[in-house]
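K.L.:
next input, structure requested:
(chains A and B)
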2 protein chains.
Amino acid sequence: MKKRKGLLIILDGLGDRPIKEFGGKTPLEYAKTPNMDKLAKLGILGQQDPIKPGQPAGSDTAHLSIFGYDPYKVYRGRGFLEALGVGLDLDEDDLAFRVNFATIENGIITDRRAGRISTEEAHELAKAIQENVKLPVDFIFVGATGHRAVLVLKGMAKGYRVGENDPHEAGKPPHRFTWEDEESKRVAEILEEFVRQAHEVLERHPINEKRRKEGKPVANYLLIRGAGTYPDIPMKFTEQWKVRAGAVIAVSLVKGVARAIGFDVYTPEGATGEYNTDEMAKAKKTVELLKEYDFVFLHFKPTDAAGHDNNPKLKAEMIEKADRMIGYIIEHINLEDVVIAITGDHSTPCEVMNHSGDPVPLLIVGGGVRPDHTESFGERECMRGGLGRIRGHDIVPVMMDLMNRSEKFGA
Amino acid sequence: MKKRKGLLIILDGLGDRPIKEFGGKTPLEYAKTPNMDKLAKLGILGQQDPIKPGQPAGSDTAHLSIFGYDPYKVYRGRGFLEALGVGLDLDEDDLAFRVNFATIENGIITDRRAGRISTEEAHELAKAIQENVKLPVDFIFVGATGHRAVLVLKGMAKGYRVGENDPHEAGKPPHRFTWEDEESKRVAEILEEFVRQAHEVLERHPINEKRRKEGKPVANYLLIRGAGTYPDIPMKFTEQWKVRAGAVIAVSLVKGVARAIGFDVYTPEGATGEYNTDEMAKAKKTVELLKEYDFVFLHFKPTDAAGHDNNPKLKAEMIEKADRMIGYIIEHINLEDVVIAITGDHSTPCEVMNHSGDPVPLLIVGGGVRPDHTESFGERECMRGGLGRIRGHDIVPVMMDLMNRSEKFGA
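P.N.:
Numbers count the residues shown, from 1 in each chain, chains lettered A, B, ... in the order given. Down below sits the predicted model:
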């Protein structure tokens, strides 16, 4: 029995709802995707609920679920996964947060993402904060992707029951940090002090002076949320399935999930996790890894961002970009030797501008797959696909089985 | 992001099996339902298992499951829900039963529903029983809908392990009440005494003398079953989903479920829960409530009764009646602003003359819904619907997600 290799491609936030300007089609149905359509004809389609029907999933909980973990049991907050994702080597008693660079004017948050400042700017600003802010505990503050950053308070894990200062919409003042017990009260106080000092550092930083002159939103405030501690992973993916696993990812949070479950993570040059990401660099890296690893995970972010920005046209363009990436990959592998699954971690419908609980289109193709009658990759076509409606945590077992790497239960 | 309203329409006992005289069609497939067919074209179909595949559900357990509760955990017997449904204000230590007025002749039950006596007759008879029967404990006995009534034994909740006297088919004598422990033995003795005295009161009641003269089955006996105590609802529906919820219901049992989970319950004049129910009164009330409430539940009973009576033609007629009710509603709302789900609480196939474990047709339509390829509302068409096959407890999360009222788990 030939063991096949596996390739899981997650187009973040892929699923959507009908778009009026597309005549009721979704961005995936509207986009020109000759490569995925070809794979749909060769393979089998279906719908998957990342966690369960109707339950909107975060990117972290959805990925955990798709990789076979019960997020209700293992999840301990996004901050920690984000911190693992930027490559920090953390301790069991660390407390981690996700941070947005934001714009504040007269006490009001005017942009929660500081005009989506670049990764380079964010890293530079984070460096200045790390050097100049003085706290009563050790901390690590580093830039992640785009306007995102990570804060780690060393040894403060017990204070994880702390709130956030993010008002979650522009036009409002930042919140005060809340707490639920004495240890998290201490953390709340440290965070208030951190935000105060960081604001001072940011206000006078040359990058912001330059942005101000150029009329761009300045990154002069920090919004902190998602307190997290070490996820409670019972067994690494690589051990459970006895595979060598590599991943191509640009986004810190998803890197964090992959690292926590045993993947070697690669970010080729040009892979930014933003609209400008170099999809060909990711495609090439993926083909490379498929030679070396048994299981490869390729994550593509911009589809999700376009949903959050309520930009259906851009989402369709990003799907076409992903299709080119997939086109390169299938030209450079033998489909008979690989099982490919293409899906999203969740739906991010433009009308919702956030994750929804809609099921997500799923395509499985490659050696051993029983093809169905479907003709193209899209939400409606997936409804009549041969995979039916399954759960996120079913995807990897189905792949591993087609890869001839599953173990029989019973005799 | 626009929050939508939700309307859940339950056509009780909707699902059925192929009917020979309909050329193998089910009553739903045979009935002329232009309004539901229109909604099927605009929306998405599927099948739902109220509890799990193949498991026949009661109306109470099914509704609990559809509203998101695990009936295996929260259910404490039908009697109590029925008692809440007739508007009784009960105590934690009360024991409640559902009661049928029945016909007995020479010790044999000849009609388990006393010729489906009217609600008015039943209420009158119940009053006579309450006034004339003397028991060693306080009790409440009131008429519900049609031949149904409710008995509450005050302070006797610990004796809930008591059987029933209902033989469940005509042509048999009533059973003796069984018991499992000393406390329920006491209850069994009280019930025997109650049935004996009530029989005397009923035999000589003017209503029965009149029925006897008219050649109608007399309501001269009580069949008692469904011992129940307070349901163990962990959190009300309205709290869990942070919605104001209103319901249009005629049947006590379903009212009881709705009240127990936080709905404001309305029964417009003319809504009887019987074949003669005024569907337009229900439709109008529903449209009214949709202005005031975030979530509205509309329950329609006669479809179930026709299944119990093994009357496919009548079941089809009742489905057509429901279709007119739905037609009025959709003419008076904006479908883009509402998410409507239409289904049954269970199947009541005519051939079974009772609830079955067949999956139930499900239609979801309104703002945000991804339409599938289906053309009409019926069992077979639902099999190829885009919702696939889901569980009863998935329905509300799917609706709330489309209503943009769900909370993301994770980040």
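K.L.:
what residue in chain A comes nearest to chain B?
P.N.:
Using C-beta to the nearest C-beta, the single residue of chain A nearest to chain B is residue A:58, 2.3 Å away. (Glycine included, C-beta is placed from N, CA and C.)
K.L.:
correct me, but that residue touches residue A:357?
P.N.:
No: at 11.8 Å, residue A:58 does not count as touching residue A:357 under the criterion of C-beta atoms under 8 Å.
K.L.:
ok so, going back, quick check: phi and psi at the residue of chain A closest to chain B.
P.N.:
Backbone geometry at residue A:58, expressed as degrees, to the nearest 10, gives phi -70, psi 170.
K.L.:
repeat for the one 3 residues further on
P.N.:
The phi/psi pair for residue A:61 (degrees, to the nearest 10) reads phi -60, psi -40.
K.L.:
with residue A:185 instead?
P.N.:
When read as degrees, to the nearest 10, the backbone of residue A:185 gives phi -60, psi -40.
K.L.:
so it sits right up against residue A:179, yeah?
P.N.:
Yes: Residue A:185 is within contact range of residue A:179, at 4.3 Å (criterion: C-beta under 8 Å).
K.L.:
where do the contact lists of the two overlap?
P.N.:
Where contact means C-beta atoms under 8 Å, 6 or more residues apart in numbering or on different chains, the residues bridging residue A:185 and residue A:179 through contact with each are residue A:159.
K.L.:
please, which helix or strand holds residue A:329?
P.N.:
helix A:312-331 (DSSP states H and E).
K.L.:
buried residues in that helix, which are they?
P.N.:
Applying a neighbour-count criterion of 16 or more other C-beta atoms under 10 Å in any protein chain shown, the buried positions in helix A:312-331 are A:312, A:314-323, A:325-330.
K.L.:
quick one: contacts of stretch A:234-251?
P.N.:
Contact partners of stretch A:234-251, identified using C-beta under 8 Å, 6+ apart, comprise A:6, A:12, A:59, A:67-69, A:74, A:85, A:145, A:255, A:258, A:261-268, A:271-273, A:277, A:282, A:285-286, A:289, A:292-299, A:301, A:396, A:400, A:405.
K.L.:
go on, stretch A:162-170?
P.N.:
Stretch A:162-170 is contacted by residues A:100, A:109-112, A:173-180, A:184, A:187-188, A:191, A:195, A:223-227 when judged by C-beta under 8 Å, 6+ apart.
K.L.:
put the buried members of those residues into a PyMOL selection.
P.N.:
The command below creates a PyMOL selection of those among the contacts of stretch A:162-170 that count as buried (16+ other C-beta under 10 Å):
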select buried, chain A and resi 100+109+110+111+112+174+175+177+179+184+187+188+191+195+223+224+225+226+227
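K.L.:
got the domain boundaries for chain A?
P.N.:
The record assigns chain A these domain ranges, following automatic domain parsing: A:5-75+A:234-402, A:82-228.
K.L.:
what residues does chain A put near chain B?
P.N.:
A:17-18, A:24, A:26, A:47, A:51-62, A:71-72, A:75, A:78, A:98, A:225-226, A:253, A:349, A:351-358, A:379-380, A:383-384, A:388-389 (C-beta under 8 Å from any C-beta of the partner chain).
K.L.:
just the buried ones out of those residues, please.
P.N.:
Neighbour counting by 16+ other C-beta under 10 Å classes A:17-18, A:26, A:47, A:51-62, A:71, A:75, A:78, A:98, A:225-226, A:253, A:349, A:351-352, A:354-358, A:379-380, A:383-384, A:388-389 among these as buried.
K.L.:
in chain A, which strand has the most residues?
P.N.:
Among the elements of type strand in chain A, defined by DSSP state E, the one spanning the most residues is strand A:95-105.
K.L.:
so for the helix or strand that that one is followed by, what's the average pLDDT?
P.N.:
Using DSSP H and E, the helix or strand that directly follows strand A:95-105 along the chain is strand A:108-111. Strand A:108-111 shows a mean pLDDT of 97 in the predicted model.
K.L.:
tell me which residues are up against strand A:108-111.
P.N.:
Contacts of strand A:108-111 with the rest of the structure, by C-beta under 8 Å, 6+ apart, involve A:102, A:103, A:104, A:167, A:170, A:171, A:172, A:173, A:174, A:217, A:221, A:223.
K.L.:
the second one and residue A:218 touch, don't they?
P.N.:
It stands for residue A:103. Yes: with contact taken as C-beta under 8 Å, residue A:103 and residue A:218 are classed as touching, separated by 5.7 Å.
K.L.:
so what sits against both of those two?
P.N.:
The contact lists of residue A:103 and residue A:218 share residue A:114, where a contact means C-beta under 8 Å, 6+ apart.
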